[in-house]
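Enquirer: Kindly return the folded structure for what I paste below:
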Amino acid sequence: MKTLITISLLVLSLSGCADKASTQMGSEALVYQELHHFVIEPKRSGLKTVMDSEFTRIIASFHQGFEQTNWHLGYRYESDKPWVTLLEMSLLNLGLNPARIHVEKLQSGNRVIDIRVGQYKLKSQECRRSIFGEMGNDVGCYVDSMRLKQVRDVQTLAPKEGL
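Expert: Numbers count the residues shown, from 1 in each chain. This next block holds a predicted model:
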C-alpha cells in the first residue's frame, strides 16, 4: 500500500509540471555564409574616381555585419595591383581586421579585379511586436542581430567550403 501511495504521489507531482506544452522557437537558429562575387574590368584610361565609386558601392552593400565579412581580392596583372591595394586600404580604414582580407595574384584569365566576399547571416524565428500590458506567445524570442552577436566564433558554425 505504501508503494502504491508513493508511486501515485510521484506521478501526480510529475503531471503537475507538465501542464502546458511549450511550442517556443526561441532557441533555433541557422547560421550560414552568403557568398558574393564581383568582377571589375579596369580600363587602361580608368579614372580613379570611377574605381573609387565602384569600390564604395560594393563596400556599402555589406554595412550590416561588416566586421564578420571575409574578402578575397584577386588581380591578374601588376598594373591592376594598385587598384586592389586601394580597395584593401579602404577596407582597413573602415576598421576591418587585416586577417579577413586575402590578396592573391590570379594565374590565368582576363584583365580583371576579382572580388569575393563571404558574409555570415542568421535565420531564426521572427518575433512579433509586443504590446504593452499583453503577454504574447513569443516569450524568449530574440532579435536576429543580437543572437548573431552572442555566437562566439561564427566561422566554426559554417561549413569550410565557403570563404
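Enquirer: Look through every helix and strand of this structure and give the one with the lowest mean pLDDT.
Expert: helix 144-150 (a mean of 56; mean pLDDT, DSSP states H and E).
Enquirer: where does this protein have low pLDDT?
Expert: 12, 14-30, 44-46, 124-163 (pLDDT under 70).
Enquirer: which residue ranges form the helices in the chain?
Expert: Along the chain, counting by DSSP state H, helices occupy 2-17, 48-60, 81-93, 144-150.
Enquirer: what would the ones you listed look like in JSON lines with mean neighbour count and distance to residue 108?
Expert: The C-beta positions use only the backbone N, C-alpha and C, and glycine is treated the same way. What follows is the helices of the chain, written out as JSON lines (neighbours: other Cβ atoms under 10 Å; distance: least, Cβ to Cβ, whole Å):
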{"stretch": "helix 2-17", "mean neighbour count": "9", "distance to residue 108": "66"}
{"stretch": "helix 48-60", "mean neighbour count": "14", "distance to residue 108": "23"}
{"stretch": "helix 81-93", "mean neighbour count": "16", "distance to residue 108": "17"}
{"stretch": "helix 144-150", "mean neighbour count": "13", "distance to residue 108": "37"}
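Enquirer: From residue 8, how far off is residue 60?
Expert: Distance check for residue 60 against residue 8: by Cβ to Cβ, to the nearest Å, it reads 68 Å.
Enquirer: again with residue 71
Expert: 66 Å.
Enquirer: Also residue 50?
Expert: Relative to residue 8, and taking Cβ to Cβ, residue 50 is found at 82 Å.
Enquirer: quick revisit: out of the helices of the chain, which comes closest to residue 112?
Expert: helix 81-93 (10.4 Å; Cβ to Cβ).
Enquirer: counting contacts, what elements does the closest one pack onto?
Expert: Using 3 or more Cβ pairs under 8 Å, 6 or more residues apart in numbering; DSSP states H and E, the elements in contact with helix 81-93 are helix 48-60, strand 70-75, strand 101-105, strand 113-124.
Enquirer: just so I know, which of these lies nearest residue 36?
Expert: strand 113-124 (4.4 Å).
Enquirer: Tell me how far the nearest residue to residue 32 once chain neighbours are set aside lies from residue 65.
Expert: Closest residue in space to residue 32, ignoring its immediate chain neighbours: residue 121 at 5.8 Å, by Cβ to Cβ, 6 or more residues apart in numbering. Distance, residue 121 to residue 65, by Cβ to Cβ: 8 Å.
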